[in-house]
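Participant: Predicted model, plus sequence, below.
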Amino acid sequence: MAVLYFIRHAESEANSKRILASQLPFPLTEEGKREAELIASQFREITGLDRIISSPLLRAVQTAEPFGRRYGLPVGQDIRLAEQHLGIFSGMTYDEVKSEPDYRQDPMDRWNWVPRGGGESYEMIAQRVCNFLSEFNGDAGNNKNYLIVTHAVVFRLIRGALENTLPGYPKAFPNNGEIWKVDFTGLGNKHAIESLFLGNSRDFTHNP
């Protein structure tokens with residue numbers, strides 16, 4: 001069956017400065033770049049890859065590039081993997097949004113919350129995530145391995161889709177650089193998710 005490896009991007013400048021990155025072009029920190037290289041090197045020793053697909057946001061692409069070099073594969077980009085657009089809250093710090101009355105503080109109550117200024121609700125993200133995952137339905141019977149590079153909030157909706165809990169979704173999401181391994185049998189089936197901690201990913205926890 002197809003195996004999907006989902007990786008959250010390595011530490012970004014927004015993570016280190018406690019900023020809501022949204023879809024802004026924050027790069028990885030120097031530590032994040034080193035971590036991406038280390039994870040890619042260790043991952044290369046574990047398994048082969050047939051395709052790499054990344055969010056087009058800079059921090060995700062910079063995480064994907066070391067994998068591309070090691071496997072000799074191009075890094076494809078898909079806008080459906082981009083982080084949640086937070087509208088007027090994009091670029092604010094976590095401390096700043098605490099005093100914003102329109103910011104939905106509870107992460108478990110964001111299914112229908114649409115941030116002002118062109119933001120996305122979790123429902124909107126789930127729609128694009130499910131659309132993306134559905135394209136692998138035809139590949140469920142093959143033996144190919146895919147690396148998918150994306151973001152914290154997107155991971156919440158990916159897990160909800162893979163575990164068939166939507167519109168329910170987990171509060172938890174992976175650390176920066178953590179990998180989720182999924183033996184994909186088709187969207188609509190309930191999947192088990194295995195966490196892989198390579199490099200120092202167990203130590204990098206940045207809340208969105």
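Facilitator: Nice, I can see it.
Participant: Does A152 touch R8 like I think?
Facilitator: Yes - the pair A152 / R8 is scored as a contact, 6.1 Å apart, by Cβ atoms under 8 Å. (Glycine included, C-beta is placed from N, CA and C.)
Participant: So between these two, which is more surrounded?
Facilitator: Each of A152 and R8 has its neighbours counted (other Cβ atoms under 10 Å); R8 has more, 26 against 19.
Participant: what's the burial count for the closest residue in space to the more buried one that isn't next to it in sequence?
Facilitator: Distances taken as Cβ to Cβ, 6 or more residues apart in numbering place P174 nearest to R8, at 4.7 Å, with adjacent residues excluded. Around P174 sit 23 other residues, with neighbours defined as other Cβ under 10 Å.
Participant: cool, and T63?
Facilitator: A count of nearby residues for T63, using other Cβ under 10 Å, gives 32.
Participant: ok so, going back, tell me the contacts of the residue nearest to R8?
Facilitator: 6-8, 152, 155, 180, 195 (Cβ atoms under 8 Å, 6 or more residues apart in numbering).
Participant: Let's see that with 7 Å instead.
Facilitator: 8, 155, 180, 195 (Cβ atoms under 7 Å, 6 or more residues apart in numbering).
Participant: and if you look at L28?
Facilitator: Counting by Cβ under 7 Å, 6+ apart, L28 touches 10-12, 36, 59, 62-63.
Participant: and the residues you listed as TSV, adding secondary structure, pLDDT and distance to E120?
Facilitator: As requested, those are arranged in TSV below (DSSP: H, G, I helix; E, B strand; the rest coil; pLDDT from 0 to 100; distance: Cβ to Cβ, whole Å):
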residue	secondary structure	pLDDT	distance to E120
A10	coil	97	23
E11	coil	97	24
S12	strand	98	19
A36	helix	98	26
R59	helix	99	18
Q62	helix	99	23
T63	helix	99	22
